[in-house]
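Enquirer: got a predicted structure plus its sequence, pasted below:
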Amino acid sequence: MKRLMVLILSITLIAGLLVGCGGKDIEKESAGVDVSLESEGNQLWPRKITDATGKEIELKNKPERIAILHSVYLEHFLALNNPPIASAGSSRGDAMKAVNEWETLKPYKGNVDIIDLGSSREINLEAILKAKPDVIVTFKGHGGLDEVYDQLVKIAPVIQLDFSSSWQEQTLACAEIVGEEEYARKFIEETESTISNAKDKLSQYKNKTVALFRTDGKSFITRGDKDYYETFGITRPEGYPDEFETLSLETILSMNPDYIVFQDFIETAETFVKSQENLSVWKSLEAVKNGNVFYFDDSLNTFGPLAMRLTAEKLVDMYLK
């Protein structure tokens, strides 16, 4: 009898411990964002988010009206099938201009209507207030944010993400804001598979070098870093810097890449190339002689989830043309 009582008491204690563990918050981390939510009944809301600045923000319900202060996050929320109600543009153009013109966002053209919040360089409080957002999203270090932060939080909770983190982490961070973590993980896996397949196809061209540039209309500005080249399994020409630098045409000649890619506003890049066409140095480049100068849309410079997927596809098309 005594042994039976001890056994019952032991089972009761273990059950109590398990219940106690089940009642703890579930914590997840990504892109500088921690999420805590109650586990009872798989409840998603309310949830508390600690953003990249360490501030804790409570979301009582799933945000239905998301305002983003830079178009860099347009592709993240569109990819998650949660388009923002309002968005600032980048330094050039408004949000709907991006949706209508960016190659990465072509699948969404005509399917979304996004309120314009103006340029990301000037946070428009009046426009944001008029959009009536449930949450405001931007990145830590957004220029001018500190000056208007106290006014913004009176409109809606403000969540700042870590722009320096990987596209996977930033995608998951956006997903956590709208409760779409499971969908985000599947999307990330599919995108990583697309990149991996492209890398396999490009592995036979390891001996071919590619130089990636932007331009200010006067110079060659490097755009690809070491991680970019490693991600897609492509080869940098010798002397191509790891940091973004402005280079002369003579420096490009010393690298003499097999392929040259301008990843920029296409009209800007084409105008720049036209200004080089009569120069003997330009005409002597291997990429030029073999017709291997390509133009990728500026939207790929977000290095976001849709940009990375599209880049993989375009690189394969370029090498296999």
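Expert: Perfect, thanks for sending it.

Enquirer: could you pull out the helices for the stretch 201-321 of the chain?
Expert: Taking DSSP state H, counting those that start in this stretch as the test, the helices found in the stretch 201-321 of the chain are 226-232, 249-255, 266-276, 280-283, 286-289, 305-319.

Enquirer: what about the second one, average pLDDT?
Expert: Taken as a whole, helix 249-255 has a mean pLDDT of 97.

Enquirer: equivalent analysis for the first one, please.
Expert: Across helix 226-232, pLDDT averages out at 95.

Enquirer: go ahead and name everything in contact with it.
Expert: With Cβ atoms under 8 Å, 6 or more residues apart in numbering as the test, helix 226-232 has contacts from 195, 198-199, 202, 212, 235-236, 242, 303, 308, 311-312, 315. Placement of C-beta: from N, CA and C, glycine included.

Enquirer: go on, stretch 104-111?
Expert: Contacts of stretch 104-111 (Cβ under 8 Å, 6+ apart): 74-75, 78, 83, 98-100, 297, 299-300, 302, 304, 306-307, 310.

Enquirer: now stretch 275-294: buried residues?
Expert: 276, 282, 285-288, 292-294 (16 or more other Cβ atoms under 10 Å).

Enquirer: quick one: mean pLDDT for stretch 272-292?
Expert: 97.

Enquirer: and it, how far from the chain's centre?
Expert: 33 Å (Cα atoms, centre = their mean, to the nearest Å).

Enquirer: swap in stretch 313-321?
Expert: Stretch 313-321 has its C-alpha centroid displaced from the chain centroid by 22 Å (Cα atoms, centre = their mean).

Enquirer: with stretch 161-172 instead?
Expert: For stretch 161-172, the distance to the chain centre is 6 Å (Cα atoms, centre = their mean).

Enquirer: what comes into contact with that stretch?
Expert: Residues outside stretch 161-172 that contact it (Cβ under 8 Å, 6+ apart): 30-33, 51-52, 72-73, 76, 79-80, 137-141, 173-174, 181, 184-185, 187-188, 192, 303-305, 307-308.

Enquirer: can you get me the start-to-end distance on that stretch?
Expert: 11 Å (Cα to Cα, to the nearest Å).

Enquirer: now do the buried residues in it.
Expert: Neighbour-count burial for stretch 161-172 [16+ other Cβ under 10 Å]: 161-163, 165, 167-172.

Enquirer: what's the answer for stretch 72-84, then?
Expert: Buried, per 16+ other Cβ under 10 Å, within stretch 72-84: 72-80, 82-84.

Enquirer: what of stretch 254-271?
Expert: Applying 16+ other Cβ under 10 Å to stretch 254-271 flags 255, 257-265, 268-269 as buried.

Enquirer: nearest to A127 among these?
Expert: Nearest to A127 among the buried residues of stretch 254-271: F265, at 24.8 Å, using Cβ to Cβ.

Enquirer: which residues touch the residue lying closest to that closest one once chain neighbours are set aside?
Expert: Of all residues not flanking F265 in the chain, D298 sits nearest, at 4.8 Å (Cβ to Cβ, 6 or more residues apart in numbering). Going by Cβ under 8 Å, 6+ apart, D298 touches 102, 263-266.

Enquirer: also Q151?
Expert: Q151 neighbours (Cβ under 8 Å, 6+ apart): L125.

Enquirer: what about it, which helix or strand?
Expert: helix 145-155 (DSSP states H and E).

Enquirer: ok, now I177?
Expert: helix 167-178.

Enquirer: so that helix versus helix 305-319, what angle?
Expert: 150 degrees (axes from the mean of the first three to the mean of the last three Cα atoms, to 10 degrees).

Enquirer: can you pull out the strands in the stretch 1-150 of the chain?
Expert: 26-30, 33-37, 47-50, 56-59, 66-68, 86-87, 115-116, 135-139 (DSSP state E, counting those that start in this stretch).

Enquirer: okay if I get the contacts of D298 as CSV plus pLDDT?
Expert: Shown next, in CSV, are the contacts of D298 (pLDDT from 0 to 100):
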residue, pLDDT
W102, 92
Q263, 97
D264, 95
F265, 93
I266, 95
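
Enquirer: buried ones among the contacts of helix 226-232?
Expert: Buried among the contacts of helix 226-232 (16+ other Cβ under 10 Å): 195, 198-199, 202, 212, 235-236, 303, 308, 311-312, 315.
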